[in-house]
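1. have a look at this prediction, sequence included:
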Amino acid sequence: MHITYIYNSGFILEHDSYALIIDCIGLKKDSAEIRRCAGKFLYILASHVHGDHFDRNIMTFSGAGQQWILSEDIRRKVSANSDIHFMAKGDIYRDARLCIKAYGSTDAGISFYIEAGDQKIFHAGDLNNWHWNEDPTQTPEEAVKDEQRFLDELAQIAVEVPALDIAMFPVDPRLGTDYTRGAQQFLDSIRTDLFIPMHFQDKFEAARAFKPEAERRGCRYADINAAGDVVAHGIRKP
């Protein structure tokens, strides 16, 4: 599996015969990244309706067949057809190539657990410990409540998915000095082979700063230096 970082929380995961396009914004159907997937079946996923995760342009993508898999809150933004599958927490999409289960979020929409071939993959969407401890508008009580919501959701996932091959998870410096707290808690709960940071906009240095913490937890870490970086190539299970 070949993984390319697009921007923020957007990735393209390419298999020999199909590709998963997840939370990609800023791409058009004639973008080089989409053209490279020519001849492959496309699974086009969006975790929720926010503009940094859902871009209407994804509805124009086409390959050797395509299936849109969208959070239920995007339904009002698109015209439904037989190639669109809407998901809410707990829903499952399955076909001959892969299986996708929707888990919850601590903001809008859902997160995605994907079994593709022999790979177990998680894309968090906006699931994170959004504690905002340095925001004066958030009270300490609200911060504790928000953290507990995340920990409760994480505990549910960890029961069913105790180990992952690949995790794409927010490392968002807007949260302040404690911005990696959610990622640390995630890795402490779910054994992960390859951790890929996301949701950091263009703050690449801040994303890379989490590498030592991830590696101390037994992960390989994907260094991302620019949009378009190939963050993993030819992944096979050990």
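-> Alright, I've got the coordinates.

2. quickly run through the sheet partners of the lowest-mean-pLDDT helix or strand in the chain, with directions.
-> Ranked by mean pLDDT, DSSP states H and E, the weakest helix or strand in the chain is strand 230-232, scoring a mean of 81. Partners of strand 230-232 in the sheet, by DSSP bridges, are strand 2-7 (antiparallel).

3. so where's this protein shaky on pLDDT?
-> Along the chain, segments meeting pLDDT under 70 span 133-134, 233-238.

4. now with 90?
-> Scanning the chain with the threshold set as pLDDT under 90 gives 1, 79-82, 117, 130-147, 175-178, 226-238.

5. before we move on, back to that, buried residues, the least confident helix or strand of the chain. List them.
-> 231-232 (16 or more other Cβ atoms under 10 Å). C-beta coordinates here come from the backbone N, C-alpha and C atoms, glycine included.

6. ditto for stretch 31-43
-> In stretch 31-43, the ones that count as buried by 16+ other Cβ under 10 Å are 33-34, 37, 40-43.

7. cool, and stretch 143-162?
-> 143, 146-147, 149-150, 153-154, 157, 161.

8. which of those residues lies closest to residue 101?
-> Using Cβ to Cβ, residue 161 is the member of the buried residues of stretch 143-162 that sits closest to residue 101, with 8.6 Å.

9. if we can go back for a sec, residues making contact with the least confident helix or strand of the chain?
-> Residues outside strand 230-232 that contact it (Cβ atoms under 8 Å, 6 or more residues apart in numbering): 1-5, 11, 166, 194, 196, 222-224.

10. farthest-separated two in these?
-> Distances among the contacts of strand 230-232 were taken as Cβ to Cβ; the most separated pair is 1 and 223, at 17.7 Å.

11. looking at the two, which has the bigger crowd around it?
-> Using other Cβ atoms under 10 Å, the more surrounded residue of residue 1 and residue 223 is residue 1, with 20 against 12.

12. so which elements touch the longest helix along the chain?
-> Counting residues, the longest helix found in the chain (DSSP state H) is helix 140-160. With contacts taken as 3 or more Cβ pairs under 8 Å, 6 or more residues apart in numbering; DSSP states H and E, helix 140-160 sits against strand 98-103, helix 181-189.

13. distance of residue 55 from residue 90?
-> Distance of residue 55 to residue 90, given as Cβ to Cβ, to the nearest Å: 26 Å.

14. now swap in residue 107 and tell me
-> On the measure of Cβ to Cβ, residue 107 and residue 90 end up 18 Å apart.

15. who has more neighbours out of the two?
-> residue 107 (15 against 11).

16. which phi and psi values does the more buried one adopt?
-> Residue 107 has phi and psi values of phi -130, psi -120 when expressed as degrees, to the nearest 10.

17. the closest residue to it other than its chain neighbours: neighbour count?
-> Once flanking residues are discounted, residue 107 sits nearest to residue 126: 3.6 Å by Cβ to Cβ, 6 or more residues apart in numbering. For residue 126, the neighbour count with other Cβ under 10 Å is 23.
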